[in-house]
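# Provided below are the primary sequence and the corresponding predicted coordinates.
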Amino acid sequence: MGNGISFAVTESELQRQIAGERMELRVDPRGKADAIMIIVVGVLYMINFLSILYLMWNRRYPPLKAKNPVLMALLMAVFLVWYVSDLQINGHLPLANTPLANCKAFGLWMRILIGVCGMLSLIALRAYGLYRVFVLNRPYHSLALYLPFAIYLVCIIAYGIAIQSLDSSKTTHYIPELDICDINSGLKISMFVLMWISLYIVMFAHWMIRNIKSSFNESREMVVTCSILFAVLIYETVINYARPMYPLNVSLRIVTTVLNHFATNSLWWTIMAVPMYKSIFQRQRYLNQWIFKLRMDGLQKEYEVDSDEIPTNHHRSLLMTSTTGNKDGGEFYPIDNCIYENNVVVSRRNPHASLSQSSESPLFTNGGSAYDQARRVQHTGDAIRDRLPPRNQSISPKLTPQLYTPISFPEDPVMVRVKPGAAQRGNSNHYDANDRYLI
């Protein structure tokens, strides 16, 4: 039989049709439709390759770094391996006298274990990493993060070795007359059981991170991802049992391959489309918005933002409030890295905590700004020392003015919207106007 992609029906394809008639099977020859599909999906993966190059080049840009560029690049590589194996197992390419006739290598190892199970394991690993950081409050890069992934990897490798050791007649084998691979029903059952178990692990991992902070919350992406994976696996299960010889039908094999890789690429771009688009066309504005949201969630410590990426703010101790979720959970975080060194948090649960503010702090109390109070304390202290009596004289105790003024928050604080001044307006363009309040 001839080999290679052709837009016309070759002699080898006519021989396949004759062999199919003897077996009472209808065989649609490979030709123009298969070649067009291979080219279109190939162009799509070429675009994806360029996107991966851009992603890796900008992997230190914080909003992209938060998406784990290395893992997303591995995910795209797994999609590509799956696509090559689909061309073989779905009957788009001639197999005779080529390495493609090795059905176990392409149908089992590349398509199922590396393609489907590899994709599901990487998605689950990404979700589990977010769970460790934002639910368990543990470091992302650690042995405990990769241990479940390693256990799963050992299990699927053991499964693959066990199938590889069995005779081809009991697993999957090449049919020369039809130039396709046939999969034994027992192997097919075990493969779908493995894939469905892997999908349930992914769905459980995403369910566990449904309530993480908004900076890294991906509830929309989570729902889309699980829906796409569930739909694809449902289709694959139905088509493999309802029409086990679907690779002989040109419409079914093209629909199956296109659906698989439209779904996987949609999954990848659902996660990466917005950050990649904004990193190209709204780079600084998107960075400022992302850092602002990060600080509003109090996640500067968990996610270290490079100091060169932080926009300059004349008010280093600007106090912002976040009351997302629990109405009693409003807390004030000075936008300064030192907040994580002294753990100063003023909230309704800790209303009398002392706040040390810089001379440019916008925080005001009944006695004026903290800077003005400090000046008055210094002058008052000098005057008191000038009037101190000799050591042998006793004086009545006097209260020494304090630099820190306790601040109490009422049960129902009143939020008054204010208009920012000129000094603030230049560095607040990325803030939402509805979020600027002063108590």
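Looks like it came in fine.
# separation between the residue lying closest to Arg138 once chain neighbours are set aside and Thr270?
Take Arg138 and drop its neighbours on the chain: the residue closest to it by C-beta to C-beta, 6 or more residues apart in numbering is Arg132, 4.8 Å away. C-beta coordinates here come from the backbone N, C-alpha and C atoms, glycine included. From Arg132 across to Thr270, the span is 23 Å (C-beta to C-beta, to the nearest Å).
# what's the answer for Trp82, then?
Separation of Trp82 from Thr270 (C-beta to C-beta) stands at 18 Å.
# swap in Val9?
Taken as C-beta to C-beta, the span from Val9 to Thr270 is 39 Å.
# Could you check which of those two has the larger neighbour count?
Thr270 (17 against 14; other C-beta atoms under 10 Å).
# Which positions within the helix or strand harbouring that one qualify as buried?
Using DSSP states H and E, Thr270 maps to helix 250-281. Using 16 or more other C-beta atoms under 10 Å as the test for burial, helix 250-281 gives 250, 252-257, 260-261, 263-265, 267-268, 270-272, 275-276, 278-279.
# There's contact between Met23 and Glu177 in this structure, I believe.
Yes - counting by C-beta atoms under 8 Å, Met23 touches Glu177, with 7.4 Å between them.
# Quick check, pLDDT for the nearest residue to Val116 once chain neighbours are set aside.
Leaving aside its chain neighbours, Val116 sits nearest to Met195 (5.5 Å; criterion: C-beta to C-beta, 6+ apart). For Met195, the pLDDT comes out at 95.
# what sits against Met195?
112, 116-117, 120, 233, 236 (C-beta atoms under 8 Å, 6 or more residues apart in numbering).
# now swap in Ile180 and tell me
Per C-beta under 8 Å, 6+ apart, neighbours of Ile180: 91, 95, 174, 247-248.
# Okay, and which of these map to helices?
Using DSSP state H, no member of the contacts of Ile180 falls within helices.
# any idea how far Tyr83 is from Met56?
Applying C-beta to C-beta to Met56 and Tyr83 gives a distance of 20 Å.
# quick check, Cys181 in a helix?
No - with DSSP: H, G, I helix; E, B strand; the rest coil as the criterion, Cys181 is assigned strand and is not in a helix.
# List phi and psi for the residue nearest to it when sequence neighbours are not counted.
Nearest non-adjacent residue to Cys181, counting by C-beta to C-beta, 6+ apart: Cys103, 3.7 Å away. Backbone geometry at Cys103, expressed as degrees, to the nearest 10, gives phi -70, psi -40.
# got it, and Asp28?
Main-chain dihedrals, Asp28, degrees, to the nearest 10: phi -90, psi 120.
# for Met72, same thing?
Here is the backbone geometry of Met72 (degrees, to the nearest 10): phi -70, psi -30.
# what's in contact with stretch 199-209?
120, 123-124, 127-128, 130-131, 134-135, 152, 217-218, 222, 225-226, 229-230, 233.
# Among the contacts of Met195, which one lies nearest to Ile36?
Glu236 (22.8 Å; C-beta to C-beta).
# tell me which residues in the strand or helix carrying that closest one are buried?
Using DSSP H and E, Glu236 sits in helix 219-242. Residues 221-222, 225-226, 228-229, 232-233, 236, 239-240 are the ones in helix 219-242 that count as buried (16+ other C-beta under 10 Å).
# got it, and stretch 45-52?
48, 51-52.
# what's the answer for stretch 17-37, then?
Buried residues in stretch 17-37 (16+ other C-beta under 10 Å): 17, 19-20, 27-31, 33-35, 37.
# so of the residues you listed, which ones are in strands?
Judged by DSSP state E, strands contain none of those.
# Dump those residues into TSV; add pLDDT and distance to Tyr61 as well.
Formatted as TSV, these follow (pLDDT from 0 to 100; distance: C-beta to C-beta, whole Å):
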residue	pLDDT	distance to Tyr61
Gln17	88	54
Ala19	89	56
Gly20	87	54
Val27	90	51
Asp28	89	48
Pro29	90	49
Arg30	90	44
Gly31	86	45
Ala33	91	41
Asp34	92	40
Ala35	92	39
Met37	94	35
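# Check whether Leu75 really touches Ile123, as I assumed.
Yes - proximity of Leu75 to Ile123 meets the contact threshold set by C-beta under 8 Å, at 7.3 Å.
# related to what we said a few turns ago, for Ser121, see how far away the residue nearest to Val116 is.
Taking C-beta to C-beta, one finds Met195 at 11 Å from Ser121.
# And the strands in the chain, which stretches?
172-175, 180-183, 319-322, 331-334, 346-347, 364-365, 368-369, 416-417, 437-438.
# about what we covered before: farthest pair within the buried residues of stretch 17-37?
Ala19 and Met37 (23.6 Å).
# Now do the contacts for Val116.
Val116 neighbours (C-beta under 8 Å, 6+ apart): 82, 195, 198.
# Tell me the one of those nearest Ile212?
Nearest member of the contacts of Val116 to Ile212, counting by C-beta to C-beta, is Ser198, at 22.8 Å.
# What residues does the closest one make contact with?
116-117, 120-121, 124, 152.
# Go again with 7 Å.
Residues counted as contacts of Ser198 (C-beta atoms under 7 Å, 6 or more residues apart in numbering) are 117, 120-121.
# possible to save these as a markdown table with neighbour count?
A markdown table is the format used below for the contacts of Ser198 (neighbours: other C-beta atoms under 10 Å):
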| residue | neighbour count |
| --- | --- |
| Cys117 | 24 |
| Leu120 | 24 |
| Ser121 | 20 |
